[in-house]
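mind looking at a prediction? Sequence and model below.
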Amino acid sequence: MQEVDSGPAPALAPAAVSLAGVEKRFGAVTALAGVSLAVPKGACVGLVGHNGAGKSTLMNVLAGTLAPDTGSVAITGRDVTAGYAIATARENGVRCIFQEGSLCPNLTVAENARIEHPSLTGFSWRTDAGRLIRQKLDEIFPGHGIRPGAMVADLSIARRQMVEIARAFTVTASPVDVVILDEPTSSLDQTIAEQLLAHIRRFVEAGGSAIFISHLLGEVLEISDRVVVMRDGKVVAERPARDFDRDGLVAAMGSVAAAASAAPAASRRTAAPRVDIDAGRGSTVRLTAHTGEIVGLAGLAGHGQTDALLTVFDGGGAGDRVEGAVAFIAGDRQTDGAFPLWSIAENLGISSLGALRRGRLISTAAEDALAARWRERIGIRTPDVWNPLLSLSGGNQQKVLFARALASDADIILMDDPMRGVDVGTKQEVYKILREEADKGRTFLWYTTEMDELLICDHVYVFRDRMIVADLARADLTEEAVIQASFRHDA
Ligand SMILES: Nc1ncnc2c1ncn2[C@@H]1O[C@H](COP(=O)(O)OP(=O)(O)OP(=O)(O)O)[C@@H](O)[C@H]1O
(Lines give C-alpha, C1' and ligand atoms only; values in the text may rest on other atoms or scores of the structure.)
Protein backbone atom coordinates (compact mmCIF):
# COMPACT_ATOMS: atom_id res chain seq x y z
CA MET A 1 0.00 0.00 0.00
CA GLN A 2 1.74 3.14 -1.18
CA GLU A 3 -0.49 5.99 -0.20
CA VAL A 4 0.51 9.49 0.77
CA ASP A 5 -1.65 10.93 3.51
CA SER A 6 -2.46 14.47 2.63
CA GLY A 7 -2.84 16.07 6.09
CA PRO A 8 -3.05 19.83 6.37
CA ALA A 9 -0.95 21.86 3.94
CA PRO A 10 2.53 22.36 5.40
CA ALA A 11 2.74 26.15 5.02
CA LEU A 12 1.45 28.99 2.92
CA ALA A 13 4.79 30.75 2.58
CA PRO A 14 7.29 29.19 0.16
CA ALA A 15 9.09 26.26 1.74
CA ALA A 16 12.58 26.95 3.10
CA VAL A 17 13.74 24.19 0.81
CA SER A 18 11.91 21.75 -1.43
CA LEU A 19 12.56 18.89 -3.80
CA ALA A 20 10.27 17.84 -6.62
CA GLY A 21 10.27 14.57 -8.56
CA VAL A 22 13.81 13.63 -7.57
CA GLU A 23 15.18 10.37 -8.98
CA LYS A 24 18.57 8.85 -8.35
CA ARG A 25 19.97 5.54 -9.54
CA PHE A 26 23.20 3.77 -8.62
CA GLY A 27 23.68 1.11 -11.30
CA ALA A 28 20.88 -1.40 -10.83
CA VAL A 29 19.67 0.23 -7.59
CA THR A 30 17.02 2.93 -7.66
CA ALA A 31 17.76 4.87 -4.49
CA LEU A 32 15.16 7.59 -5.15
CA ALA A 33 12.16 6.87 -7.33
CA GLY A 34 10.56 10.30 -7.70
CA VAL A 35 10.58 12.04 -4.34
CA SER A 36 8.98 15.37 -3.53
CA LEU A 37 9.51 16.98 -0.15
CA ALA A 38 8.94 20.45 1.24
CA VAL A 39 10.45 21.74 4.46
CA PRO A 40 8.53 24.74 5.80
CA LYS A 41 10.25 27.65 7.49
CA GLY A 42 10.31 27.35 11.26
CA ALA A 43 9.64 23.62 11.30
CA CYS A 44 11.41 20.36 11.92
CA VAL A 45 10.60 17.57 9.49
CA GLY A 46 11.35 14.06 10.72
CA LEU A 47 12.41 11.56 8.09
CA VAL A 48 12.13 7.84 8.78
CA GLY A 49 12.32 4.66 6.73
CA HIS A 50 13.91 1.22 6.64
CA ASN A 51 17.63 0.76 6.00
CA GLY A 52 18.23 1.55 2.36
CA ALA A 53 14.93 3.45 1.94
CA GLY A 54 16.83 6.39 0.43
CA LYS A 55 16.98 8.89 3.32
CA SER A 56 20.71 9.65 3.14
CA THR A 57 20.61 9.84 -0.65
CA LEU A 58 17.82 12.41 -0.41
CA MET A 59 19.84 14.44 2.08
CA ASN A 60 22.89 14.29 -0.15
CA VAL A 61 20.84 15.73 -2.98
CA LEU A 62 19.67 18.57 -0.73
CA ALA A 63 23.18 19.20 0.55
CA GLY A 64 24.48 19.40 -3.02
CA THR A 65 26.84 16.42 -2.62
CA LEU A 66 24.89 14.26 -5.11
CA ALA A 67 23.34 15.45 -8.35
CA PRO A 68 19.92 13.90 -8.99
CA ASP A 69 19.28 12.12 -12.31
CA THR A 70 16.03 14.07 -12.64
CA GLY A 71 13.99 16.42 -10.48
CA SER A 72 14.45 19.89 -9.06
CA VAL A 73 15.60 21.71 -5.93
CA ALA A 74 14.13 25.03 -4.80
CA ILE A 75 15.15 27.32 -1.97
CA THR A 76 12.47 29.69 -0.66
CA GLY A 77 10.60 29.12 -3.90
CA ARG A 78 13.56 29.83 -6.21
CA ASP A 79 14.58 26.98 -8.53
CA VAL A 80 18.29 26.38 -7.93
CA THR A 81 18.59 23.03 -9.72
CA ALA A 82 21.02 24.11 -12.45
CA GLY A 83 24.56 23.67 -11.14
CA TYR A 84 23.37 22.99 -7.59
CA ALA A 85 26.39 21.87 -5.55
CA ILE A 86 27.80 21.99 -2.01
CA ALA A 87 28.84 25.62 -2.39
CA THR A 88 25.38 26.67 -3.65
CA ALA A 89 23.72 24.84 -0.79
CA ARG A 90 26.00 26.56 1.71
CA GLU A 91 25.56 30.03 0.27
CA ASN A 92 21.81 29.49 0.53
CA GLY A 93 22.00 28.56 4.17
CA VAL A 94 21.71 24.76 3.87
CA ARG A 95 23.99 22.78 6.22
CA CYS A 96 24.30 19.05 6.59
CA ILE A 97 25.50 16.91 9.47
CA PHE A 98 26.44 13.65 7.82
CA GLN A 99 26.02 10.22 9.36
CA GLU A 100 29.58 9.29 8.53
CA GLY A 101 31.21 12.39 9.97
CA SER A 102 33.27 14.82 7.96
CA LEU A 103 35.91 16.20 10.32
CA CYS A 104 39.61 15.94 9.48
CA PRO A 105 41.12 13.84 12.27
CA ASN A 106 44.61 15.31 11.97
CA LEU A 107 43.43 18.88 12.52
CA THR A 108 42.29 20.57 15.71
CA VAL A 109 38.68 21.38 16.54
CA ALA A 110 39.31 25.06 15.72
CA GLU A 111 41.05 24.22 12.43
CA ASN A 112 38.11 22.03 11.43
CA ALA A 113 35.76 24.91 12.18
CA ARG A 114 37.87 27.21 9.97
CA ILE A 115 37.48 24.86 6.97
CA GLU A 116 33.81 25.84 6.82
CA HIS A 117 34.49 29.52 7.37
CA PRO A 118 36.97 30.77 4.78
CA SER A 119 36.08 34.32 5.76
CA LEU A 120 38.13 33.85 8.96
CA THR A 121 41.49 35.16 7.80
CA GLY A 122 44.42 37.16 9.15
CA PHE A 123 46.81 36.37 12.01
CA SER A 124 44.10 35.58 14.49
CA TRP A 125 42.08 33.11 12.39
CA ARG A 126 42.89 30.21 14.68
CA THR A 127 41.77 32.09 17.80
CA ASP A 128 38.66 33.39 16.01
CA ALA A 129 37.72 29.92 14.77
CA GLY A 130 38.35 28.54 18.28
CA ARG A 131 36.08 31.17 19.80
CA LEU A 132 33.37 30.57 17.21
CA ILE A 133 33.22 26.83 17.79
CA ARG A 134 33.58 27.12 21.56
CA GLN A 135 30.63 29.51 21.77
CA LYS A 136 28.46 27.17 19.75
CA LEU A 137 29.52 24.14 21.79
CA ASP A 138 28.74 26.06 24.99
CA GLU A 139 25.34 27.01 23.62
CA ILE A 140 24.31 23.53 22.45
CA PHE A 141 26.18 21.24 24.85
CA PRO A 142 26.83 23.11 28.11
CA GLY A 143 29.57 21.36 30.08
CA HIS A 144 30.95 19.69 26.91
CA GLY A 145 34.63 19.73 28.03
CA ILE A 146 36.01 20.03 24.48
CA ARG A 147 39.02 22.29 23.92
CA PRO A 148 39.22 24.08 20.54
CA GLY A 149 42.92 23.19 20.47
CA ALA A 150 42.27 19.45 20.85
CA MET A 151 43.20 17.22 17.94
CA VAL A 152 40.04 15.63 16.50
CA ALA A 153 41.74 12.21 16.33
CA ASP A 154 42.09 12.30 20.14
CA LEU A 155 38.38 12.91 20.75
CA SER A 156 35.84 10.18 21.49
CA ILE A 157 33.27 9.50 18.76
CA ALA A 158 30.63 11.28 20.83
CA ARG A 159 32.77 14.42 21.14
CA ARG A 160 33.59 14.36 17.43
CA GLN A 161 29.90 14.24 16.71
CA MET A 162 29.30 17.18 19.07
CA VAL A 163 31.92 19.23 17.20
CA GLU A 164 30.40 18.23 13.88
CA ILE A 165 26.97 19.38 15.07
CA ALA A 166 28.19 22.62 16.62
CA ARG A 167 30.16 23.45 13.48
CA ALA A 168 27.06 23.10 11.31
CA PHE A 169 25.29 25.74 13.39
CA THR A 170 28.12 28.31 13.36
CA VAL A 171 27.58 31.44 11.29
CA THR A 172 30.02 33.84 9.66
CA ALA A 173 29.56 34.93 6.05
CA SER A 174 26.66 32.67 5.00
CA PRO A 175 23.46 32.16 7.01
CA VAL A 176 22.18 28.93 8.58
CA ASP A 177 18.56 28.48 7.56
CA VAL A 178 18.14 24.74 7.00
CA VAL A 179 20.05 22.11 8.94
CA ILE A 180 19.91 18.48 7.88
CA LEU A 181 20.80 16.01 10.60
CA ASP A 182 21.36 12.41 9.51
CA GLU A 183 21.17 10.18 12.60
CA PRO A 184 22.83 12.85 14.72
CA THR A 185 22.33 11.12 18.07
CA SER A 186 23.68 7.73 17.05
CA SER A 187 26.89 8.20 19.01
CA LEU A 188 25.58 10.46 21.76
CA ASP A 189 24.33 9.31 25.12
CA GLN A 190 20.90 10.32 26.27
CA THR A 191 21.80 13.47 28.20
CA ILE A 192 23.75 14.92 25.28
CA ALA A 193 21.10 13.80 22.78
CA GLU A 194 18.54 15.74 24.81
CA GLN A 195 20.72 18.86 24.75
CA LEU A 196 20.78 18.55 20.97
CA LEU A 197 17.01 18.05 20.67
CA ALA A 198 16.43 21.12 22.83
CA HIS A 199 18.76 23.14 20.61
CA ILE A 200 16.95 22.04 17.45
CA ARG A 201 13.64 23.12 18.99
CA ARG A 202 15.10 26.54 19.83
CA PHE A 203 16.51 26.79 16.30
CA VAL A 204 13.16 26.09 14.62
CA GLU A 205 11.25 28.27 17.03
CA ALA A 206 13.54 31.11 16.00
CA GLY A 207 12.52 30.54 12.36
CA GLY A 208 15.08 27.94 11.23
CA SER A 209 14.21 24.69 9.47
CA ALA A 210 15.52 21.22 10.23
CA ILE A 211 15.36 17.77 8.70
CA PHE A 212 15.90 15.12 11.31
CA ILE A 213 16.65 11.52 10.28
CA SER A 214 16.68 8.82 12.92
CA HIS A 215 15.76 5.21 13.60
CA LEU A 216 14.84 6.15 17.17
CA LEU A 217 11.18 6.77 16.52
CA GLY A 218 10.48 8.22 19.97
CA GLU A 219 13.09 10.88 19.27
CA VAL A 220 11.58 11.65 15.84
CA LEU A 221 8.08 12.03 17.28
CA GLU A 222 9.37 14.26 20.08
CA ILE A 223 11.31 16.68 17.91
CA SER A 224 9.34 16.90 14.64
CA ASP A 225 6.43 19.03 13.53
CA ARG A 226 5.84 16.81 10.50
CA VAL A 227 7.02 13.29 9.78
CA VAL A 228 7.80 11.91 6.33
CA VAL A 229 8.06 8.15 5.88
CA MET A 230 10.12 6.69 3.04
CA ARG A 231 10.01 3.18 1.68
CA ASP A 232 11.99 1.79 -1.26
CA GLY A 233 12.95 5.20 -2.60
CA LYS A 234 9.51 6.78 -2.30
CA VAL A 235 7.63 8.93 0.19
CA VAL A 236 4.78 6.71 1.39
CA ALA A 237 3.30 8.82 4.19
CA GLU A 238 3.52 12.39 5.38
CA ARG A 239 1.56 13.86 8.28
CA PRO A 240 1.85 16.17 11.26
CA ALA A 241 3.86 14.37 13.94
CA ARG A 242 0.94 14.46 16.38
CA ASP A 243 -1.06 12.26 14.00
CA PHE A 244 1.47 9.45 14.24
CA ASP A 245 2.29 7.13 17.09
CA ARG A 246 5.17 4.72 17.22
CA ASP A 247 3.22 1.72 15.93
CA GLY A 248 1.72 3.83 13.14
CA LEU A 249 5.20 4.87 12.05
CA VAL A 250 6.49 1.30 12.17
CA ALA A 251 3.54 0.15 10.08
CA ALA A 252 4.05 2.95 7.54
CA MET A 253 7.71 1.91 7.25
CA GLY A 254 6.52 -1.55 6.25
CA SER A 255 7.63 -3.36 9.40
CA VAL A 256 5.66 -5.26 11.96
CA ALA A 257 5.15 -3.48 15.29
CA ALA A 258 7.57 -4.58 17.98
CA ALA A 259 6.52 -7.78 19.67
CA ALA A 260 7.12 -8.33 23.36
CA SER A 261 10.83 -8.88 23.92
CA ALA A 262 12.09 -12.43 23.71
CA ALA A 263 11.64 -14.31 26.94
CA PRO A 264 14.80 -15.47 28.64
CA ALA A 265 15.24 -19.13 29.41
CA ALA A 266 15.28 -20.33 32.99
CA SER A 267 18.44 -19.72 35.01
CA ARG A 268 21.52 -20.79 33.10
CA ARG A 269 23.90 -20.37 35.96
CA THR A 270 24.41 -24.02 36.72
CA ALA A 271 27.91 -24.53 35.35
CA ALA A 272 31.01 -22.35 35.80
CA PRO A 273 30.84 -19.07 33.89
CA ARG A 274 32.36 -18.90 30.45
CA VAL A 275 33.49 -15.33 31.09
CA ASP A 276 34.66 -14.15 34.50
CA ILE A 277 36.75 -10.99 34.50
CA ASP A 278 37.69 -8.11 36.71
CA ALA A 279 35.78 -5.28 35.02
CA GLY A 280 38.29 -2.62 36.03
CA ARG A 281 39.30 -0.02 38.60
CA GLY A 282 38.43 -1.69 41.85
CA SER A 283 35.01 -3.04 40.85
CA THR A 284 33.84 -5.20 43.69
CA VAL A 285 31.54 -7.04 41.31
CA ARG A 286 33.19 -9.28 38.71
CA LEU A 287 31.74 -9.45 35.22
CA THR A 288 30.53 -12.97 34.55
CA ALA A 289 28.58 -14.54 31.71
CA HIS A 290 27.41 -18.12 31.37
CA THR A 291 26.73 -20.36 28.43
CA GLY A 292 23.46 -19.35 26.81
CA GLU A 293 23.27 -15.97 28.53
CA ILE A 294 22.72 -12.53 27.06
CA VAL A 295 24.38 -10.11 29.44
CA GLY A 296 23.82 -6.38 29.07
CA LEU A 297 26.33 -3.62 29.82
CA ALA A 298 24.67 -0.29 30.53
CA GLY A 299 25.54 3.18 31.82
CA LEU A 300 26.50 6.48 30.22
CA ALA A 301 28.70 6.28 27.12
CA GLY A 302 32.42 6.04 27.80
CA HIS A 303 32.20 4.67 31.33
CA GLY A 304 34.27 1.56 30.68
CA GLN A 305 31.84 -0.72 28.85
CA THR A 306 33.88 -0.94 25.64
CA ASP A 307 37.08 -1.50 27.61
CA ALA A 308 35.44 -4.39 29.46
CA LEU A 309 34.49 -5.92 26.10
CA LEU A 310 38.05 -5.45 24.85
CA THR A 311 39.40 -7.15 27.99
CA VAL A 312 37.26 -10.18 27.17
CA PHE A 313 38.36 -9.99 23.53
CA ASP A 314 41.99 -10.08 24.65
CA GLY A 315 41.33 -13.14 26.80
CA GLY A 316 41.36 -11.27 30.14
CA GLY A 317 44.22 -10.64 32.57
CA ALA A 318 45.68 -12.72 35.41
CA GLY A 319 42.93 -14.41 37.40
CA ASP A 320 40.35 -13.89 34.62
CA ARG A 321 38.64 -16.56 32.63
CA VAL A 322 37.45 -16.42 29.01
CA GLU A 323 36.59 -19.83 27.61
CA GLY A 324 35.84 -20.23 23.93
CA ALA A 325 36.33 -18.38 20.67
CA VAL A 326 35.38 -14.71 20.75
CA ALA A 327 33.94 -12.40 18.06
CA PHE A 328 33.53 -8.63 18.35
CA ILE A 329 30.86 -6.51 16.65
CA ALA A 330 31.91 -2.88 16.57
CA GLY A 331 29.50 0.00 16.84
CA ASP A 332 31.79 2.35 14.97
CA ARG A 333 32.26 0.62 11.66
CA GLN A 334 34.40 3.44 10.31
CA THR A 335 37.22 2.80 12.70
CA ASP A 336 36.69 -0.85 13.59
CA GLY A 337 35.86 -3.82 11.60
CA ALA A 338 34.72 -2.86 8.13
CA PHE A 339 36.81 -3.23 4.98
CA PRO A 340 35.12 -0.56 2.86
CA LEU A 341 36.70 -1.51 -0.45
CA TRP A 342 36.01 -5.22 -0.11
CA SER A 343 32.79 -6.78 -1.28
CA ILE A 344 29.86 -7.49 1.02
CA ALA A 345 30.53 -11.24 0.72
CA GLU A 346 34.21 -10.87 1.66
CA ASN A 347 33.40 -8.63 4.61
CA LEU A 348 30.86 -11.14 5.82
CA GLY A 349 33.04 -14.23 5.39
CA ILE A 350 36.27 -12.93 6.92
CA SER A 351 35.58 -14.51 10.33
CA SER A 352 34.57 -17.86 8.82
CA LEU A 353 37.61 -18.54 6.62
CA GLY A 354 38.08 -22.02 8.13
CA ALA A 355 34.60 -23.06 7.10
CA LEU A 356 34.93 -21.44 3.68
CA ARG A 357 38.23 -23.16 2.80
CA ARG A 358 38.20 -25.87 0.18
CA GLY A 359 41.69 -27.38 0.06
CA ARG A 360 44.16 -24.50 0.26
CA LEU A 361 41.86 -21.88 -1.20
CA ILE A 362 38.82 -19.97 -0.05
CA SER A 363 35.85 -21.18 -2.05
CA THR A 364 34.05 -18.34 -3.77
CA ALA A 365 30.96 -20.52 -4.07
CA ALA A 366 30.94 -21.13 -0.31
CA GLU A 367 31.49 -17.42 0.35
CA ASP A 368 28.63 -16.63 -2.02
CA ALA A 369 26.31 -19.12 -0.32
CA LEU A 370 27.15 -17.81 3.16
CA ALA A 371 26.47 -14.21 2.11
CA ALA A 372 23.25 -15.18 0.34
CA ARG A 373 22.04 -16.98 3.47
CA TRP A 374 22.64 -13.96 5.67
CA ARG A 375 21.29 -11.51 3.13
CA GLU A 376 18.05 -13.43 3.40
CA ARG A 377 18.14 -13.90 7.18
CA ILE A 378 18.58 -10.27 8.20
CA GLY A 379 17.57 -8.57 4.99
CA ILE A 380 20.77 -7.00 3.67
CA ARG A 381 19.45 -4.86 0.84
CA THR A 382 21.65 -5.34 -2.19
CA PRO A 383 21.14 -6.74 -5.69
CA ASP A 384 24.54 -8.47 -5.52
CA VAL A 385 26.62 -9.60 -2.51
CA TRP A 386 29.79 -9.01 -4.55
CA ASN A 387 29.14 -5.27 -4.64
CA PRO A 388 31.48 -3.21 -2.45
CA LEU A 389 30.48 -2.78 1.17
CA LEU A 390 30.33 0.99 0.61
CA SER A 391 27.50 0.56 -1.88
CA LEU A 392 25.24 -0.32 1.06
CA SER A 393 23.32 2.17 3.16
CA GLY A 394 24.76 2.76 6.66
CA GLY A 395 22.34 0.43 8.43
CA ASN A 396 22.91 -2.32 5.90
CA GLN A 397 26.68 -2.09 6.42
CA GLN A 398 26.06 -2.56 10.12
CA LYS A 399 24.00 -5.68 9.37
CA VAL A 400 26.99 -7.16 7.50
CA LEU A 401 29.22 -6.76 10.57
CA PHE A 402 26.56 -8.39 12.66
CA ALA A 403 26.17 -11.29 10.24
CA ARG A 404 29.94 -11.74 10.13
CA ALA A 405 30.10 -12.43 13.87
CA LEU A 406 27.05 -14.68 13.91
CA ALA A 407 28.27 -16.65 10.88
CA SER A 408 31.60 -17.35 12.62
CA ASP A 409 31.98 -20.23 15.06
CA ALA A 410 32.55 -17.91 18.04
CA ASP A 411 31.12 -19.06 21.39
CA ILE A 412 31.23 -15.60 22.90
CA ILE A 413 29.95 -12.62 20.95
CA LEU A 414 30.82 -9.13 22.11
CA MET A 415 28.59 -6.31 20.89
CA ASP A 416 29.71 -2.70 21.24
CA ASP A 417 26.39 -0.94 20.72
CA PRO A 418 26.12 -2.28 17.17
CA MET A 419 22.40 -1.78 16.59
CA ARG A 420 22.41 1.99 16.24
CA GLY A 421 21.44 2.90 12.72
CA VAL A 422 19.59 -0.37 12.17
CA ASP A 423 15.89 0.04 11.38
CA VAL A 424 13.18 -1.08 13.78
CA GLY A 425 12.00 -4.01 11.67
CA THR A 426 15.47 -5.50 11.40
CA LYS A 427 16.10 -4.92 15.08
CA GLN A 428 13.18 -7.18 15.96
CA GLU A 429 14.62 -9.88 13.67
CA VAL A 430 18.03 -9.54 15.24
CA TYR A 431 16.65 -9.75 18.79
CA LYS A 432 14.97 -13.03 17.84
CA ILE A 433 18.18 -14.35 16.31
CA LEU A 434 20.13 -13.41 19.46
CA ARG A 435 17.79 -15.38 21.66
CA GLU A 436 17.86 -18.38 19.31
CA GLU A 437 21.64 -18.31 19.22
CA ALA A 438 21.83 -18.00 23.01
CA ASP A 439 19.49 -20.96 23.32
CA LYS A 440 21.92 -22.91 21.16
CA GLY A 441 24.63 -22.15 23.72
CA ARG A 442 26.25 -18.92 22.63
CA THR A 443 27.08 -16.20 25.14
CA PHE A 444 26.47 -12.54 24.35
CA LEU A 445 27.96 -9.53 26.09
CA TRP A 446 26.05 -6.53 24.82
CA TYR A 447 26.84 -2.90 25.48
CA THR A 448 23.77 -0.92 24.49
CA THR A 449 22.36 2.51 25.17
CA GLU A 450 18.80 1.49 24.36
CA MET A 451 16.47 0.42 27.13
CA ASP A 452 14.48 -1.84 24.79
CA GLU A 453 17.65 -3.81 24.18
CA LEU A 454 18.58 -4.09 27.84
CA LEU A 455 15.17 -5.63 28.43
CA ILE A 456 16.15 -8.55 26.21
CA CYS A 457 19.13 -9.36 28.42
CA ASP A 458 19.17 -11.96 31.19
CA HIS A 459 20.88 -9.49 33.50
CA VAL A 460 22.57 -6.12 33.16
CA TYR A 461 25.73 -4.63 34.62
CA VAL A 462 25.62 -0.85 35.00
CA PHE A 463 28.98 0.92 34.60
CA ARG A 464 29.98 4.22 36.15
CA ASP A 465 33.48 5.69 36.25
CA ARG A 466 34.91 2.53 34.68
CA MET A 467 33.49 0.29 37.40
CA ILE A 468 30.49 -1.99 37.69
CA VAL A 469 28.18 -0.24 40.15
CA ALA A 470 25.08 -2.44 39.81
CA ASP A 471 24.11 -5.90 38.63
CA LEU A 472 20.41 -5.77 37.79
CA ALA A 473 18.49 -8.99 37.44
CA ARG A 474 15.88 -9.04 34.72
CA ALA A 475 13.09 -8.70 37.24
CA ASP A 476 14.63 -5.48 38.63
CA LEU A 477 15.36 -3.97 35.27
CA THR A 478 13.66 -0.62 34.75
CA GLU A 479 14.83 2.51 33.01
CA GLU A 480 14.81 4.30 36.34
CA ALA A 481 17.02 1.67 37.99
CA VAL A 482 19.56 1.98 35.15
CA ILE A 483 19.54 5.78 35.26
CA GLN A 484 19.85 5.89 39.03
CA ALA A 485 22.84 3.58 38.97
CA SER A 486 24.41 5.49 36.06
CA PHE A 487 24.64 8.77 37.93
CA ARG A 488 26.67 9.34 41.06
CA HIS A 489 24.56 10.50 43.97
CA ASP A 490 26.81 12.68 46.06
CA ALA A 491 24.70 13.71 48.98
N1 LIG B 1 27.34 5.21 -3.65
C2 LIG B 1 26.44 4.24 -3.82
N3 LIG B 1 26.64 3.23 -4.71
C4 LIG B 1 25.72 2.27 -4.89
N5 LIG B 1 24.55 2.20 -4.22
C6 LIG B 1 24.30 3.16 -3.33
C7 LIG B 1 25.22 4.22 -3.07
N8 LIG B 1 24.69 5.04 -2.12
C9 LIG B 1 23.49 4.51 -1.79
N10 LIG B 1 23.25 3.38 -2.52
C11 LIG B 1 22.04 2.55 -2.45
O12 LIG B 1 20.92 3.40 -2.47
C13 LIG B 1 19.90 2.91 -1.59
C14 LIG B 1 19.51 3.99 -0.60
O15 LIG B 1 20.57 4.19 0.33
P16 LIG B 1 20.52 5.30 1.47
O17 LIG B 1 21.90 5.36 2.06
O18 LIG B 1 19.96 6.54 0.92
O19 LIG B 1 19.50 4.63 2.50
P20 LIG B 1 19.06 5.13 3.95
O21 LIG B 1 17.58 5.22 3.94
O22 LIG B 1 19.82 6.34 4.33
O23 LIG B 1 19.48 3.87 4.85
P24 LIG B 1 20.07 3.76 6.37
O25 LIG B 1 18.90 3.87 7.27
O26 LIG B 1 20.64 2.37 6.40
O27 LIG B 1 21.11 4.83 6.55
C28 LIG B 1 20.47 1.66 -0.95
O29 LIG B 1 19.98 0.53 -1.63
C30 LIG B 1 21.97 1.79 -1.15
O31 LIG B 1 22.56 0.51 -1.23
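Looks like it came in fine. Numbering: from 1, shown residues only.

write out the residues of this protein neighbouring the ligand.
Residues of the chain found near the ligand, taking Cβ under 6 Å from any ligand atom as the criterion, are 26, 29, 31, 49, 51-57, 381, 391-396, 423. Quick note: C-beta positions are derived from backbone N, CA and C, even for glycine.

in strands, which of those appear?
Using DSSP state E, 26, 29, 31, 49 are the members of the residues of the chain next to the ligand that sit in strands.

now, of these, which are buried?
29, 31, 49 (16 or more other Cβ atoms under 10 Å).

make CSV from the ones in strands among the residues of the chain next to the ligand and add distance to Ser174 to it.
CSV is the format used below for those (distance: Cβ to Cβ, whole Å):
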residue, distance to Ser174
Phe26, 30
Val29, 33
Ala31, 28
Gly49, 30
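
rank those by pLDDT and give me only the lowest.
For these, the weakest pLDDT value sits at Val29, with 88.

make TSV from the buried ones among the ones in strands among the residues of the chain next to the ligand and add distance to Leu310 to it.
Rendered in TSV, the data for these read as follows (distance: Cβ to Cβ, whole Å):
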residue	distance to Leu310
Val29	36
Ala31	36
Gly49	34
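
quick check: of the residues you listed, which lies closest to Ala403?
The shortest approach to Ala403 among those belongs to Val29, at 19.6 Å (Cβ to Cβ).

next up, phi/psi of Leu348, please.
The main-chain torsion angles of Leu348 are listed as degrees, to the nearest 10 and equal phi -70, psi -40.

identify the residues contacting it.
Applying Cβ atoms under 8 Å, 6 or more residues apart in numbering, we find Leu348 in contact with 367, 370-371, 374, 385, 400, 403-404, 407.

now do Ala33
Counting by Cβ under 8 Å, 6+ apart, the residues that Ala33 touches are 23, 54, 232-234.

which non-adjacent residue is nearest Ala473?
If you skip the residues right next to it in sequence, Ala473 has His459 as its closest partner in space, 5.2 Å away by Cβ to Cβ, 6 or more residues apart in numbering.

from the ligand, how far out is that neighbour?
Distance of His459 to the ligand, given as Cβ to the nearest ligand atom, to the nearest Å: 31 Å.

where's the spatially most distant residue from the centre of the chain relative to the ligand, distance?
Distance from the C-alpha centroid of the chain peaks at Gly359, with 39.9 Å (Cα atoms, centre = their mean). According to Cβ to the nearest ligand atom, Gly359 stands 34 Å off from the ligand.

over to Ile165?
Ile165 is 18 Å from the ligand, where distance means Cβ to the nearest ligand atom.

name the SS class of that residue, please.
Under the three-state scheme (DSSP: H, G, I helix; E, B strand; the rest coil), Ile165 adopts helix.

wait, Ser408 sits on Gly349?
No: between Ser408 and Gly349 no contact is recorded; they are 9.3 Å apart, counting by Cβ atoms under 8 Å.

and the two? Which one has more around it.
The residue with more neighbours, out of Ser408 and Gly349, is Gly349; 28 against 20, by other Cβ atoms under 10 Å.

isn't there a helix covering that one?
Yes: according to three-state DSSP, the state of Gly349 is that of a helix.

give the burial count for the closest residue to it other than its chain neighbours, as a bare number.
Nearest residue to Gly349, sequence neighbours excluded (Cβ to Cβ, 6+ apart): Glu367, at 4.6 Å. Burial of Glu367, expressed as a neighbour count using other Cβ under 10 Å, amounts to 21.

the strands in the stretch 301-450 of the chain, which residues?
Using DSSP state E, counting those that start in this stretch, the strands of the stretch 301-450 of the chain run over residues 321-322, 326-329, 357-358, 361-362, 412-416, 443-447.

give me the phi and psi angles of the residue nearest to Ala473.
Dihedral angles (degrees, to the nearest 10) for His459: phi -160, psi 160.

shouldn't it be in contact with Ala470?
No: counting by Cβ under 8 Å, His459 does not reach Ala470; the two are 10.2 Å apart.

what is the burial count for the residue lying closest to Val80 once chain neighbours are set aside?
Using Cβ to Cβ, 6+ apart and skipping residues adjacent in sequence, the residue nearest Val80 is Val73, 5.5 Å away. The local packing count at Val73 equals 24, with neighbours defined by other Cβ under 10 Å.

ok, now Val326?
Other residues lying near Val326 total 21 when counted by other Cβ under 10 Å.

what bridges to the residue nearest to it when sequence neighbours are not counted?
In space, not counting the residues next to it along the chain, Val326 is nearest to Ile412; the distance is 4.7 Å by Cβ to Cβ, 6+ apart. Going by DSSP bridges, Ile412 is paired in beta bridges with Val326, Thr443.

mean pLDDT added to the strands of the stretch 301-450 of the chain, as CSV?
Putting those into CSV (pLDDT from 0 to 100) gives the following:
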stretch, mean pLDDT
strand 321-322, 86
strand 326-329, 90
strand 357-358, 72
strand 361-362, 72
strand 412-416, 93
strand 443-447, 94
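
output those strands in JSON lines; the columns should cover distance to Val312.
As requested, those are exported to JSON lines (distance: least, Cβ to Cβ, whole Å):
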{"stretch": "strand 321-322", "distance to Val312": "5"}
{"stretch": "strand 326-329", "distance to Val312": "6"}
{"stretch": "strand 357-358", "distance to Val312": "27"}
{"stretch": "strand 361-362", "distance to Val312": "28"}
{"stretch": "strand 412-416", "distance to Val312": "6"}
{"stretch": "strand 443-447", "distance to Val312": "6"}
